[in-house]
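Enquirer: quick one: sequence and predicted model below, then my questions.
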Amino acid sequence: AQSVTQLDSQVPVFEEAPVELRCNYSSSVSVYLFWYVQYPNQGLQLLLKYLSGSTLVKGINGFEAEFNKSQTSFHLRKPSVHISDTAEYFCAVSDQQGNTGKLIFGQGTTLQVKP
Amino acid sequence: DGGITQSPKYLFRKEGQNVTLSCEQNLNHDAMYWYRQDPGQGLRLIYYSQIVNDFQKGDIAEGYSVSREKKESFPLTVTSAQKNPTAFYLCASSIRPGQGFGEAFFGQGTRLTVV
């Protein structure tokens, strides 16, 4: 079975400061990894994904994430945040071996960017 | 514009009533999914379908039912057997797993409240 743990439920940060949102996963098989963002009362939008290849993945809105297989982590980073980045962020995994496309989500991290 | 449309955006249900949430996509995706979102719990899979006339239970299927009579439509019925239906419901779609891995696209969600 797979699981995803987002280590921080809330992350407050000042505008223009760097931020890291942490994600660890557990799986006995190879996985695909994703970060999604959700603005209030809206659906989820894909920020970035790791399927294979380079472990440093760049996404939209200046976000990037690094896949670390030995530490089973996929932390999300941004060097300088804006007020508009305030949202909830979800890390998710999908089983490479299975053929369902199902996603297992973490509990979410609320990023609060302060002026 | 291609995308996923969920309706209604807000839905109120009286105790003992069945209600149906609509999900329509024009992305020509084979696979569709229903997730439930509760505060602090991330998203949990209710049902998924990889092809027309076929669907599978997810992790929390009890009290829910679905149908997949058309490729573009995947309605979810919340039955009176679901004891705690108040939540935010998200529909998603992707290309058929096994034909390569595609990201999941999400609708804007339906917020269901029991009154």
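Expert: Sure, I can see it.
Enquirer: ok, for residue 51, nearest residue in space, not its chain neighbours?
Expert: Defaulting to chain A. On the basis of C-beta to C-beta, 6 or more residues apart in numbering or on different chains, the spatially nearest residue to residue A:51 that is not a chain neighbour turns out to be residue A:32, at 5.3 Å. The way it works is simple: take the backbone N, C-alpha and C, and place the C-beta from them, glycine included.
Enquirer: to clarify, I was referring to chain B.
Expert: Spatial nearest neighbour of residue B:51, chain neighbours left out: residue B:30 (5.6 Å); criterion: C-beta to C-beta, 6+ apart.
Enquirer: for the one you found, give me its contacts.
Expert: B:50-51, B:71, B:95-96, B:99 (C-beta atoms under 8 Å, 6 or more residues apart in numbering or on different chains).
Enquirer: which of those residues has the weakest pLDDT?
Expert: Model confidence across the contacts of residue B:30 bottoms out at residue B:99, which has 65.
Enquirer: beyond the strand or helix carrying the residue nearest to residue A:51, next helix or strand please.
Expert: Using DSSP states H and E, residue A:32 maps to strand A:31-38. Towards the C-terminus, the helix or strand next in line after strand A:31-38, according to DSSP H and E, is strand A:44-50.
Enquirer: which strands or helices does that next one pack on?
Expert: Counting by 3 or more C-beta pairs under 8 Å, 6 or more residues apart in numbering or on different chains; DSSP states H and E, the packing neighbours recorded for strand A:44-50 are strand A:31-38, strand A:56-58, strand A:64-68, strand A:73-78, strand B:105-106.
Enquirer: export those strands as a markdown table, with columns for mean neighbour count and distance to residue A:20.
Expert: Written out in a markdown table, the entries for the helices and strands packed on strand A:44-50 read as follows (neighbours: other C-beta atoms under 10 Å in any protein chain shown; distance: least, C-beta to C-beta, whole Å):
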| stretch | mean neighbour count | distance to residue A:20 |
| --- | --- | --- |
| strand A:31-38 | 23 | 12 |
| strand A:56-58 | 14 | 14 |
| strand A:64-68 | 18 | 10 |
| strand A:73-78 | 21 | 5 |
| strand B:105-106 | 22 | 25 |
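Enquirer: let me have those in a markdown table, adding mean pLDDT and distance to residue A:9 as columns.
Expert: Output for the helices and strands packed on strand A:44-50, formatted as a markdown table (pLDDT from 0 to 100; distance: least, C-beta to C-beta, whole Å):
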| stretch | mean pLDDT | distance to residue A:9 |
| --- | --- | --- |
| strand A:31-38 | 93 | 14 |
| strand A:56-58 | 95 | 24 |
| strand A:64-68 | 96 | 19 |
| strand A:73-78 | 98 | 15 |
| strand B:105-106 | 92 | 21 |
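Enquirer: before we move on, the earlier item: the strand holding residue A:32 pairs with which strands, parallel or anti?
Expert: Here strand A:31-38 is paired, per DSSP bridges, with strand A:44-50 (antiparallel), strand A:87-95 (antiparallel).
Enquirer: just the CA atoms of that strand, as PDB, please.
Expert: What follows is the C-alpha trace of strand A:31-38 in PDB, where atoms were taken according to Å, rounded to 0.1, in the frame of the first residue of the first chain:
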ATOM      1  CA  VAL A  31       5.800   5.800  -8.200                       C
ATOM      2  CA  TYR A  32       4.900   8.900 -10.100                       C
ATOM      3  CA  LEU A  33       4.800  12.000  -8.000                       C
ATOM      4  CA  PHE A  34       2.700  15.200  -8.300                       C
ATOM      5  CA  TRP A  35       2.100  18.500  -6.600                       C
ATOM      6  CA  TYR A  36      -1.300  20.200  -7.000                       C
ATOM      7  CA  VAL A  37      -2.500  23.600  -5.900                       C
ATOM      8  CA  GLN A  38      -6.100  24.400  -4.800                       C
END
